[in-house]
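*Asks:* Predicted model and sequence follow; I will ask about them next.
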Amino acid sequence: MKRRLLQAVLDAQRQGRATALVTDMDSGLQTLVSRTEEGSLVQQGEAGLTAEAFALVETALRDDRSGIVEIDDTSLFVHVFNPALR
């Protein structure tokens with residue numbers, strides 16, 4: 001994980017925001033998907049996600065479940081960093 005993505009994950013955790021690190025298993029490119037304070041999702045990073053991939057990441061965040069998702073010929077690993085339940 002690149003330093004700026006790690007810093008963004010740590011910042012999101014401190015703020016109690018759900019975040020997922022998405023890694024393209026073939027290229028190694030990474031994108032961070034974070035929930036804003038308004039509740040929408042934004043992405044930052046190298047691997048632009050398709051609408052279908054973005055929807056699968058949203059599902060992973062909602063379900064608090066990390067794992068590999070397959071889209072066409074692409075494998076993505078979604079690592080979810082949700083805030084702790086209280």
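*Replies:* That came through, no problem.
*Asks:* show me where pLDDT drops low in this protein?
*Replies:* 86 (pLDDT under 70).
*Asks:* Could you pull out the strands in it for me?
*Replies:* With DSSP state E applied, the chain shows strands at 19-24, 30-35, 41-45, 67-71, 74-81, listed in chain order.
*Asks:* now the angle from the last one to strand 19-24?
*Replies:* In this case it means strand 74-81. Following axes from the mean of the first three to the mean of the last three CA atoms, to 10 degrees, one obtains 160 degrees for the angle between strand 74-81 and strand 19-24.
*Asks:* What sits closest to Leu56 if chain neighbours are left out?
*Replies:* For Leu56, ignoring the flanking residues on the chain, the nearest one in space by CB to CB, 6 or more residues apart in numbering is Val69 at 4.7 Å. For every residue, glycine as well, the C-beta is placed using N, CA and C.
*Asks:* That neighbour bridge partners, please.
*Replies:* For Val69, the beta-bridge partners under DSSP bridges are Leu76.
*Asks:* quick one: which of the strands of the chain is nearest Ala8?
*Replies:* With respect to Ala8, and counting by CB to CB, the nearest of the strands of the chain is strand 30-35 at 5.4 Å.
*Asks:* What is the closest one packed up against?
*Replies:* In this structure, strand 30-35 packs against helix 3-15, strand 19-24, strand 41-45, helix 51-63, with contacts taken as 3 or more CB pairs under 8 Å, 6 or more residues apart in numbering; DSSP states H and E.
*Asks:* residues contacting the nearest residue to Leu5 once chain neighbours are set aside?
*Replies:* In space, and not counting its chain neighbours, Leu5 is closest to Leu32: 5.2 Å by CB to CB, 6+ apart. With contacts defined as CB atoms under 8 Å, 6 or more residues apart in numbering, the neighbours of Leu32 are 5, 8-9, 19-22, 43-45.
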